[in-house]
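Engineer: I would like the atomic coordinates for the input below:
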Amino acid sequence: HVQFVESGGGLAQPGGSLRLSCAASDNIFGVYAAGWFRQAPGNERELVASISGGGLTHYTDSLKGRFTISTNNAKNMVYLQMNSLKPEDTAVYYCNGLKPECSETVCTDRPLYETWGQGTQVTVSS
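Structural biologist: Numbering: from 1, shown residues only. Have a look, this model is predicted:
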């Protein structure tokens, strides 16, 4: 059972930057893809950035060019560098491993574990 601890959130002004960190209790990110999810008030938790074990990254359209996901060499940490922050980025951010769920025509990344960390709150406001 892997546990996640997210940190690095806080209050930032529009246009500012934050760097989120996630520590996993095992070196899973060398085997499984890693993902950052976020949940804004009243919304469902959504996957916003992912990185494969081989380093391929993917971002939801609203984050492209502003956020960067990365892992460390030991593959037990995942980071999210957040630049050019916008008020709509306000949410609680969580990390998890990822597993693909495939139909006949499409594969979708799903959380690897059902248990989540406490998340880290990001608030973007002037």
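Engineer: what sits against residue 92?
Structural biologist: Residues counted as contacts of residue 92 (Cβ atoms under 8 Å, 6 or more residues apart in numbering) are 9, 38, 39, 40, 119, 120, 121, 122. Where C-beta positions appear, they are placed from N, C-alpha and C, glycine not excepted.
Engineer: could you find the closest non-adjacent residue to it?
Structural biologist: Of all residues not flanking residue 92 in the chain, residue 119 sits nearest, at 4.1 Å (Cβ to Cβ, 6 or more residues apart in numbering).
Engineer: ok, that neighbour - contacts?
Structural biologist: 6, 39, 92, 93, 94.
Engineer: and the third one, what element?
Structural biologist: Yep, that's residue 92 we're talking about. strand 91-102 (DSSP states H and E).
Engineer: isn't residue 60 up against residue 38?
Structural biologist: No - assessed by Cβ atoms under 8 Å, residue 60 is found out of contact with residue 38, at 9.4 Å.
Engineer: okay, these two: which has more neighbours?
Structural biologist: Set side by side, residue 60 and residue 38 show more neighbours around residue 38, with 23 against 13, by other Cβ atoms under 10 Å.
Engineer: any idea how far that one is from residue 99?
Structural biologist: With the distance defined as Cβ to Cβ, to the nearest Å, residue 38 ends up 19 Å from residue 99.
Engineer: residue 4 now?
Structural biologist: From residue 4 to residue 99 the distance is 15 Å (Cβ to Cβ).
Engineer: give me the more crowded residue out of those two.
Structural biologist: Shown here are residue 4 and residue 99; by other Cβ under 10 Å, residue 4 has more neighbours (21 against 15).
Engineer: show me the contacts for the closest residue to the more buried one other than its chain neighbours.
Structural biologist: If the residues on either side of it in the chain are set aside, residue 4 comes closest to residue 117, at 3.7 Å by Cβ to Cβ, 6+ apart. Residue 117 sits next to 3, 4, 5, 6, 22, 94, 95 when contact means Cβ under 8 Å, 6+ apart.
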